[in-house]
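Colleague: quick one, fold the following:
(one chain, ligands or ions: 2)
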Amino acid sequence: MAKLPEDRSESGFQDFKPAWDRHQSIVEANRCLFCEDAPCTIACPTHIDIPQFIRKIATDNVRGSARTIFDSNILGMSCARVCPVEVLCVGDCVFNEMDQPPIQIGKLQRYATDIAFDQGWRFFEAGADTGKSVGIIGAGPAGLACAHELRRQGHGVTIYEKREVNGGLNTTGVAPYKMRADRAIDEAEWVLGIGGIEVVHGVEIGKDLSWAELDAKHDALFLGVGLGPDTPMGLEGEDLPGVYGAVDWIEKMKTGLVDLDHVAHAVVIGGGNTAVDCVRELVGLGVPVVTMVYRRTEAEMPGYSHEWRAAVIDGVTPLWRSLPTAWVGADRLERVRVTALDAACRPLDDSEEEIDCDLALLAIGQAKLRDLVAGLDGVSTDSKGRVVVDDAMATGRAGVYAGGDCVNGGKEVVNGAADGKLAALGIHAWLSTSS
Ligand SMILES: Cc1cc2nc3c(=O)[nH]c(=O)nc-3n(C[C@H](O)[C@H](O)[C@H](O)COP(=O)(O)OP(=O)(O)OC[C@H]3O[C@@H](n4cnc5c(N)ncnc54)[C@H](O)[C@@H]3O)c2cc1C
Ligand code: SF4
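Modeller: Numbers count the residues shown, from 1 in each chain. Ligands and ions are numbered 1, 2, ... in the order given. From the prediction side, this is the model:
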C-alpha cells in the first residue's frame, strides 16, 4: 500500500478536541449515571454498550473498556474522533435534560481506544475456516467493518479497492483537525490485523474487473463503494484552474500538497457538512478571506450548527441566499459572478455582482454510483440513486449485500461501520444456509 508524504498539506493541523489523560477520564467516567435504559447507546448507530465501557474506565479497566467498544464497533478509534457526538450519543445523554453538561462519551471512547491501539492490543481472532469466500468492494469504513466481522465468522475475504490507500473517506475526506489520514490508514491496518484478509489495491470493479469475474470468484459479495465524484455546477468558466470539486480538493490536501500561496480569497459553494469542513480547512491553511456561498439561510443549512458556529469563530463569512452564475478569469479564476435569491431560490432582478476570488470549491453534493451497480442483475437503486437493501443489508440479488454511503446516500463513518457489521452477519447467515 502507498505511503503518504510527510509534508502533505494536512500535516500542520492540530487536534481540535485534544485527548484526555487518565485523571480527566476517570473523573468524567465517575460522573456517568450508568442509566439502565441508556439513551446514548440507542442513539449510537453501532449500539456500543456505553455505560459498560464508561464503568470500566471508572474502575481503571482500560483493556476491558476498549474490548466493549470494539466488540460493537471495530472502527471505535476513528469514530471517537470523527463522530458528530453532539447529534448522536452525547446529544441523547440524560444530563442534557438536567441542565448539566452531558458526559463526553467521544472523549472517553478515545481515551480507551487510543491506549488499546497504541499498546497494540488485539481482542478478536478469526473463526474456524468455513471454506467460503466473500468479495468486498471498497476498503472504506463499511468494507473494513464487514471484512473484520466476516473473519470473526471464519469466512475468507478479499477486498478490492481502487485507491492505493485503505480507509475510504475516513482517510481521504475527514477534516484533518478531527483526524489525519495516517491515523485512518493505521487503523485500517489494525483492523486487517485479524489476518486472512487480502486487499487488492488499484483495481476498480466494473472497469478493471467485471461483475461476472467477481461473481465467479466468490460465494458472496458486499458493496461498500460509497459515493461518486463531486457534483459539478455546469457554469460558464467552470474549467478554469482554481475551480475544484470539494471532495476531490480535500483528498489532495489530505494525501498530498495543495498550492495556496497566491490565494487571497476562497469561496466555497454549499451549506452542508462538506462545505463547512472546507471553509474551516481553508482558514486553517492560512487563506486570508474565506466565504461560504449558500442558496438558503443559516436556519436552513444542512451542515451541523455546532460546526458552523466554529467556522464563524474561525472568521468565515457567509453569503446567504446567493448563487454563483459564472466563473470569471482570463486563464485562471479571478472572480465569481453571484446573484441574490428570494425565499423560493429564484434569482432577484439586477442583483448580480462579481466578487474577487482565486479559489472556488464546489460542495453541492456527490454523485451516486448508480451506473456501477447497474451491471449487477437484481441489484436496484431508488429514485435518489441509493442501493436498495432489506433489514439484513441484502440487495435483491441472492448473496449480494451492500452498506454505508452507497445505501444511505451519505451519512457518517459510524453508519458505515454499523452497516458493514450487520451485512457480515447477514452474509454469514446466508452462507450457512446456501449450499
Ligand atoms: C468531506 C467529508 C468529510 C466527512 N467528515 C466526516 C466526519 O467528520 N465524521 C463522520 O463520521 N463522517 C464524515 N464523513 C462521512 C464519512 O466519511 C462516510 O460516511 C464514510 O466514509 C462512508 O463509508 P463507506 O465505506 O460507505 O464509503 P467510503 O468511505 O466512500 O469508501 C468507499 C471505498 O470504495 C472504494 N471504491 C469505490 N468504487 C470502487 C470500485 N468500483 N472498485 C473498487 N473500489 C471502489 C473507494 O475508493 C473507497 O475507498 C465525511 C464525508 C466527506 C465527503
Ligand atoms: S461510535 Fe460514535 S456515536 Fe457511537 S458511542 Fe462512540 S462516539 Fe458515540
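Colleague: can you pull out the low-pLDDT segments for the stretch 1-150 of the chain?
Modeller: Residues of the stretch 1-150 of the chain meeting the criterion pLDDT under 70: 1.
Colleague: at 90 what do you get?
Modeller: Scanning the stretch 1-150 of the chain for pLDDT under 90 picks out 1-3, 16-18.
Colleague: can you show me the strands along it?
Modeller: Along the stretch 1-150 of the chain, the segments classed as strands by DSSP state E, counting those that start in this stretch run 133-137.
Colleague: got the residues of it near ligand 1?
Modeller: Within the stretch 1-150 of the chain, the residues that sit near ligand 1 (C-beta under 6 Å from any ligand atom) are V82, C83, I137, G138, A139, G140, P141, A142, G143. C-beta: built from backbone N, CA, C; applies to glycine.
Colleague: so what's the last one up against?
Modeller: Contact analysis of G143 by C-beta atoms under 8 Å, 6 or more residues apart in numbering lists I136, I137, I159, E161, G168, F222, G224, G404, G420.
Colleague: ok, now how distant is the first one from ligand 2?
Modeller: Same thing as I136. When C-beta to the nearest ligand atom, to the nearest Å is applied, the distance between I136 and ligand 2 equals 21 Å.
Colleague: hang on, that residue packs against V157?
Modeller: Yes - taking C-beta atoms under 8 Å as the definition, I136 is a contact partner of V157 at 6.2 Å.
Colleague: give the buried residues for the helix or strand containing V373.
Modeller: Using DSSP states H and E, the element containing V373 is helix 370-374. With burial defined by 16 or more other C-beta atoms under 10 Å, the residues of helix 370-374 counted as buried are R370, L372, V373.
Colleague: keeping just the C-alphas, turn it into CSV.
Modeller: Once non-C-alpha atoms are left out, helix 370-374 reads as follows in CSV (Å, rounded to 0.1, in the frame of the first residue of the first chain):
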residue,chain,number,x,y,z
ARG,A,370,-25.9,4.1,-9.9
ASP,A,371,-24.2,3.1,-13.2
LEU,A,372,-21.7,0.9,-11.3
VAL,A,373,-24.3,-1.3,-9.8
ALA,A,374,-26.4,-1.3,-13.0
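Colleague: closest to ligand 1 among the buried residues of helix 370-374?
Modeller: Distance from ligand 1 was checked for each of these by C-beta to the nearest ligand atom. The minimum falls on L372, at 5.5 Å.
Colleague: before we move on, the earlier item: may I see the buried residues of helix 370-374 organised as TSV, with pLDDT added?
Modeller: Output for the buried residues of helix 370-374, formatted as TSV (pLDDT from 0 to 100):
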residue	pLDDT
R370	82
L372	87
V373	86
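Colleague: near ligand 1, list only the ones from the residues you listed.
Modeller: Residues shared between the buried residues of helix 370-374 and the neighbourhood of ligand 1 are L372 [C-beta under 6 Å from any ligand atom].
Colleague: can you name the residue of the stretch 1-150 of the chain nearest ligand 1?
Modeller: Across the stretch 1-150 of the chain, the shortest distance to ligand 1 (C-beta to the nearest ligand atom) belongs to G140, at 2.1 Å.
Colleague: from R151, how far off is that residue?
Modeller: Distance from G140 to R151, counting by C-beta to C-beta, to the nearest Å: 17 Å.
Colleague: would you mind finding the longest helix in the chain?
Modeller: Scanning the chain for the helix with the most residues, using DSSP state H, yields helix 413-433.
Colleague: for that helix, name the packing helices and strands.
Modeller: Identification of packing neighbours for helix 413-433 by 3 or more C-beta pairs under 8 Å, 6 or more residues apart in numbering; DSSP states H and E yields helix 76-82, helix 141-152, strand 220-223, strand 400-402, helix 405-408.
Colleague: and these as CSV, adding distance to V312?
Modeller: Written out in CSV, the entries for the helices and strands packed on helix 413-433 read as follows (distance: least, C-beta to C-beta, whole Å):
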stretch, distance to V312
helix 76-82, 21
helix 141-152, 29
strand 220-223, 39
strand 400-402, 38
helix 405-408, 28
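Colleague: what is the rounded mean pLDDT of stretch 217-228?
Modeller: For stretch 217-228, the mean per-residue pLDDT is 97.
Colleague: before we move on, what about stretch 413-420?
Modeller: 98.
Colleague: that stretch close to ligand 2?
Modeller: Yes - in terms of C-beta under 6 Å from any ligand atom, part of stretch 413-420 sits within range of ligand 2, namely V414.
Colleague: nearest residue to V276 in space, please, no chain neighbours.
Modeller: When the adjacent residues along the chain are set aside, V276 lies closest to G303, with 4.2 Å between them (C-beta to C-beta, 6 or more residues apart in numbering).
Colleague: was I right to think the one you found contacts G272?
Modeller: Yes - in terms of C-beta under 8 Å, G303 counts as a neighbour of G272; the distance is 5.1 Å.
Colleague: now the most far-flung residue of the chain relative to its centre, what's its secondary structure?
Modeller: The outermost residue of the chain, judged by C-alpha distance from the chain's mean C-alpha position using C-alpha atoms, centre = their mean, is D350 at 40.4 Å. Under the three-state scheme (DSSP: H, G, I helix; E, B strand; the rest coil), the conformation of D350 reads as coil.
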